[in-house]
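Asker: sequence first, then the predicted structure:
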Amino acid sequence: MRRLAITGHRGLSEALERDVDSGLREHLSGLAPRLTGLSCLADGADALFARAVLDAGGALEAVVPAERYRDGLPAWHRAAYDALLSEAVLVHRLPHVESTSRAHMDAGRYLVEHCDELVAVWDGRPPRGPGGTADIVDYARSLNRPVTVVWPEGAAR
């Protein structure tokens with residue numbers, strides 16, 4: 001069973017989401033059904049990856065960074081989050097209460113430590129704050145974990 005985890009940007013435009021979705025699905029093609037995807041299920045890259053894993057016939061494991069994580073997600077995304085969470089074969093809940101950058105960093109580290117490959121929907125830019133995509137990519141690379149970057153050429157956030 002191959003275990004892939006996702007880290008990536010949120011707040012993508014519709015056009016960028018379509019391109020990222022296509023790139024993720026291309027990367028996952030041929031890996032299922034012997035594929036397990038790990039995701040925090042946030043809007044953007046996390047949810048796109050989770051849906052692509054499930055559509056490919058893979059298994060989904062959810063990582064919930066904090067007890068109040070769902071409350072910090074955009075209201076428009078909560079139904080999608082709930083649906084994806086209900087399809088997870090396993091839910092890993094970290095011991096944080098508040099959905100802080102520390103909780104997000106711990107979740108990112110958990111993802112990296114429990115996968116064979118990290119998939120990063122990342123524009124290659126430095127982090128905007130602690131616990132973001134660039135930090136998780138750096139952590140994966142520090143552990144010599146393979147990182148595959150999915151980012152459309154010429155795209156900008």
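Answerer: On my side now, so go ahead. Source: prediction; values computed, not measured.
Asker: so which residues of the protein form helices?
Answerer: 14-28, 45-55, 78-87, 101-113, 133-142 (DSSP state H).
Asker: contacting residues around the nearest residue to Pro65 once chain neighbours are set aside?
Answerer: Excluding its sequence neighbours, the residue lying closest to Pro65 (Cβ to Cβ, 6 or more residues apart in numbering) is Ala107, at 3.7 Å. In short, each C-beta sits where N, CA and C put it, glycine included. Under the criterion of Cβ atoms under 8 Å, 6 or more residues apart in numbering, the neighbours of Ala107 are 40, 63-65, 94.
Asker: in JSON lines: those residues, plus neighbour count, pLDDT and distance to Leu111.
Answerer: Shown next, in JSON lines, are these (neighbours: other Cβ atoms under 10 Å; pLDDT from 0 to 100; distance: Cβ to Cβ, whole Å):
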{"residue": "Cys40", "neighbour count": "28", "pLDDT": "98", "distance to Leu111": "7"}
{"residue": "Val63", "neighbour count": "24", "pLDDT": "98", "distance to Leu111": "6"}
{"residue": "Val64", "neighbour count": "21", "pLDDT": "98", "distance to Leu111": "12"}
{"residue": "Pro65", "neighbour count": "27", "pLDDT": "98", "distance to Leu111": "10"}
{"residue": "Leu94", "neighbour count": "17", "pLDDT": "98", "distance to Leu111": "11"}
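Asker: okay, those residues in a markdown table with distance to His77 next?
Answerer: Shown next, in a markdown table, are the contacts of Ala107 (distance: Cβ to Cβ, whole Å):
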| residue | distance to His77 |
| --- | --- |
| Cys40 | 12 |
| Val63 | 16 |
| Val64 | 14 |
| Pro65 | 15 |
| Leu94 | 20 |
